[in-house]
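[1] what follows is a predicted structure for the sequence shown.
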Amino acid sequence: MAPVPDGSGGTSTNLLAPTKDQITTLWLIGGYLVGILILWQMPYLKHLLYPFKLVTIGLHEFGHACMACVSGGKVKSITVDPNLGGLTTYVGNRRTQCLALPAGYLGSSFLGGILVFCGFNVTASKGAAIMLIVCLVLTMFWARNLLAFGICLFFAGIVGFLWWLDGGMHLKYFTLFLGVMSCIYSILEILDMLVLRKSNGSDAEQFAEKYGIFPAQGWGFIWLLISLIFLVGAVLAGLVAFKDDGSGGNKTPGVN
């Protein structure tokens, strides 16, 4: 295996060995994880996450809607509830329902994984920003209540502003945070369903009623594993793919 730069003037034969810039990114991801988990249920302070939870719910519903369209169905509406709920209505055949129901949790965690992966690199984070804006605009197109439309418009505006600010140098930090938030939201919601048995009316409950095989908690456990794979896989792929942070500010090793 050919050696790769380790970011400090040496080389490493281990593709997963982080460079100096990647170590900083890993600490950032860890900080986001800890911060989100601490704030999640903390009185008063949890409201700091409220707008991010709303946009994550929007992306969750986008996952349902996108898969419904891909599988031949038709999306009628997306709504986001101020009490942190969401609903996607669509019409389609049995295949549409089978694919669209799990696509909420899995779609938002997959999208979160892409954002985390791209967050290792400034240039890649700009590509992720384009993808994110497309997802938000489509969600706005399907939105049938003001909150769903407004929260997507607000975050699309933030992404656009960060793209403009300093040539997008700060976009990777926002991309990383939203990616971690999207993954964690799916994981924690599924854990609530598994541990606290909040399965009534959930995607897993509906899936179990329609297709059986496993109870709602069984499907939730499978989706949880897949969501974790998306998050861990995104971090490992980022370590392998981006040995240069893409900021254009890297210096020649050994030169101050």
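    Yep, that arrived.
[2] buried ones in stretch 85-93, by neighbour count?
    Residues of stretch 85-93 classed as buried: Gly86, Thr88, Thr89, Tyr90, Gly92 (neighbour count, 16 or more other C-beta atoms under 10 Å). Yep, even glycine has a C-beta here, placed from its N, CA and C like the rest.
[3] now flag whichever of those is closest to His170.
    His170 lies nearest to Gly86 out of the buried residues of stretch 85-93, by C-beta to C-beta, at 28.8 Å.
[4] now do the helix or strand harbouring the closest one: which elements does it pack against?
    Here Gly86 is covered by strand 85-91, with elements defined by DSSP states H and E. Of the remaining helices and strands, those touching strand 85-91 by 3 or more C-beta pairs under 8 Å, 6 or more residues apart in numbering; DSSP states H and E are helix 50-70, strand 74-81, helix 94-100.
[5] and those: which comes nearest Gly127?
    Taking C-beta to C-beta, helix 50-70 is the member of these nearest to Gly127, at 17.2 Å.
[6] returning to what we had before: which one of the helices and strands packed on strand 85-91 lies nearest to Cys135?
    Cys135 sits nearest to helix 50-70 of all these, at 5.4 Å, using C-beta to C-beta.
[7] mean confidence score for that closest one?
    The predicted model assigns helix 50-70 a mean pLDDT of 94.
[8] buried residues, it. List them.
    By neighbour count on 16+ other C-beta under 10 Å, the buried set for helix 50-70 is 52-69.
[9] repeat that for stretch 213-221.
    For stretch 213-221, the neighbour count (16+ other C-beta under 10 Å) marks Ala216, Gln217, Trp219, Gly220, Phe221 as buried.
[10] can you tell me the element the second one falls in?
    Mapping Gln217 onto the secondary structure by DSSP H and E places it in helix 216-241.
[11] quick check: buried residues in that helix?
    Within helix 216-241, the residues scored as buried using 16+ other C-beta under 10 Å are 216-217, 219-221, 223-224, 226-227, 230-231, 234-235, 238-239.
[12] okay, the closest residue to Cys98 other than its chain neighbours: pLDDT?
    Excluding the flanking residues, the one nearest Cys98 by C-beta to C-beta, 6 or more residues apart in numbering is Tyr211, at 6.5 Å. Per-residue confidence (pLDDT) for Tyr211: 78.
[13] residues near Tyr211, how many?
    A count of nearby residues for Tyr211, using other C-beta atoms under 10 Å, gives 13.
[14] ok, and what's touching stretch 119-128?
    Stretch 119-128 has contacts (C-beta atoms under 8 Å, 6 or more residues apart in numbering) with 22, 25, 29, 114-115, 117-118, 163, 168-169, 171-173, 175-176, 179, 238-239, 241-242, 244-248.
[15] can you turn the buried part of those residues into a PyMOL selection?
    To isolate the buried members of the contacts of stretch 119-128 in PyMOL, using 16+ other C-beta under 10 Å:
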select buried, resi 22+25+29+114+115+117+118+163+168+171+172+173+175+176+179+238+239+242+244+245+246
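[16] show me the contacts of stretch 119-128 that map onto helices.
    Among the contacts of stretch 119-128, the members found in helices (DSSP state H) are 22, 25, 29, 114-115, 117-118, 163, 171-173, 175-176, 179, 238-239, 241.
[17] show me how far the strand holding Gly86 is from its chain's centre.
    19 Å (C-alpha atoms, centre = their mean, to the nearest Å).
[18] any stretches of this structure with poor pLDDT?
    1-13, 194-201, 248-256 (pLDDT under 70).
[19] please give me every residue in contact with the residue nearest in space to the middle of the chain.
    Centrality entry for the chain: nearest residue to the mean C-alpha point is Gly112, 1.7 Å, by C-alpha atoms, centre = their mean. Applying C-beta under 8 Å, 6+ apart to Gly112 gives the contacts Leu178, Gly179, Val180, Met181, Ser182, Cys183, Ile184, Tyr185, Ser186, Phe230, Leu231, Ala234.
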